[in-house]
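# Test case, fold it:
(2 chains)
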Amino acid sequence: EDQVTQSPEALRLQEGESSSLNCSYTVSGLRGLFWYRQDPGKGPEFLFTLYSAGEEKEKERLKATLTKKESFLHITAPKPEDSATYLCAVQAKNNNNDMRFGAGTRLTVKP
Amino acid sequence: SQTIHQWPATLVQPVGSPLSLECTVEGTSNPNLYWYRQAAGRGLQLLFYSVGIGQISSEVPQNLSASRPQDRQFILSSKKLLLSDSGFYLCARDRGRYNTEAFFGQGTRLTVV
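A predicted model of the protein is given here:
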């Protein structure tokens, strides 16, 4: 069964303190791995799609990387506005209409 | 634009009452549409998806149903709500191709009392 595990559950950083969020996955043939940002009471906002091991994508202070077993979301010099829950999801090749989500990492960046 | 309109934003309903949540989408035609439920501290759970008008697939047995009467309209319903139906409901769409991200609406917070 496809599984996605995100760690840590919660992360508190000082402004400017870089760190990484982890997404470990088990899937029978990866079609794509997705990162989303979700603010409280809002729908998830798409950040990145990664398709194959070794791929990297960047957007402002965020950088997502992918291996065959996990993905990392690196946050460089975070700001308070980066505070949100970050969700990881995978889509399997044999299941085109389902994304399996992790429970998310709740990030708090203190000024 | 892949805008998704979802309403209402919040809803409080008594046990046993009916439910109708509506989602309409903009952008490319014939999108795949999805209903997800998010419980506190847990990942999103796929409830239904639709690949076209009148075509609904259910991922989990439940007290809810879905319909797609038009290409850009997706409705989540229940005849009699249960306490366990409380949650955050999200409508989503993709572009109808493989390897494509989903875009989400702003969600409906449903509380069944």
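# which non-adjacent residue is nearest residue 5?
Unless you meant another one, I'm taking chain A. Of all residues beyond its chain neighbours, the one nearest A:Thr5 is A:Ser24 (4.7 Å), with distances taken as C-beta to C-beta, 6 or more residues apart in numbering or on different chains. Using the backbone N, CA and C atoms, a C-beta is placed for each residue, glycine as well.
# Not quite, go with chain B.
Of all residues beyond its chain neighbours, the one nearest B:His5 is B:Thr24 (4.8 Å), with distances taken as C-beta to C-beta, 6+ apart.
# Following the chain past the one helix or strand the one you found maps to, name the next helix or strand.
Assigning secondary structure by DSSP states H and E places B:Thr24 in strand B:19-25. Using DSSP H and E, the helix or strand that follows strand B:19-25 in sequence is strand B:33-38.
# Point out the other elements, helices or strands, that that following strand touches.
Under the contact criterion of 3 or more C-beta pairs under 8 Å, 6 or more residues apart in numbering or on different chains; DSSP states H and E, the helices and strands touching strand B:33-38 comprise strand B:19-25, strand B:44-52, strand B:73-78, strand B:87-93.
# For the first one, buried residues please.
Read that as strand B:19-25. Of the residues in strand B:19-25, those buried by neighbour count under the rule 16 or more other C-beta atoms under 10 Å in any protein chain shown are B:Leu19, B:Leu21, B:Cys23, B:Thr24, B:Val25.
# Over to the third one?
The neighbour-count criterion (16+ other C-beta under 10 Å) identifies B:Phe74, B:Ile75, B:Leu76, B:Ser78 as the buried residues of strand B:73-78.
# Give me the residues contacting stretch A:58-67.
Residues external to stretch A:58-67 that are found in contact with it (C-beta atoms under 8 Å, 6 or more residues apart in numbering or on different chains): A:33, A:35, A:47-48, A:50-57, A:71-79, A:82.
# and that stretch, how far from the chain's centre?
The offset between the C-alpha centroid of stretch A:58-67 and the centroid of the whole chain comes to 9 Å, using C-alpha atoms, centre = their mean, to the nearest Å.
# Then stretch A:11-28?
The answer for stretch A:11-28 is 7 Å, by C-alpha atoms, centre = their mean.
# follow-up on the earlier one: next, format the buried residues of strand B:73-78 as a markdown table and append distance to chain A and pLDDT.
Rendered in a markdown table, the data for these read as follows (distance: C-beta to the nearest C-beta, whole Å; pLDDT from 0 to 100):
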| residue | distance to chain A | pLDDT |
| --- | --- | --- |
| B:Phe74 | 13 | 96 |
| B:Ile75 | 17 | 97 |
| B:Leu76 | 15 | 96 |
| B:Ser78 | 21 | 96 |
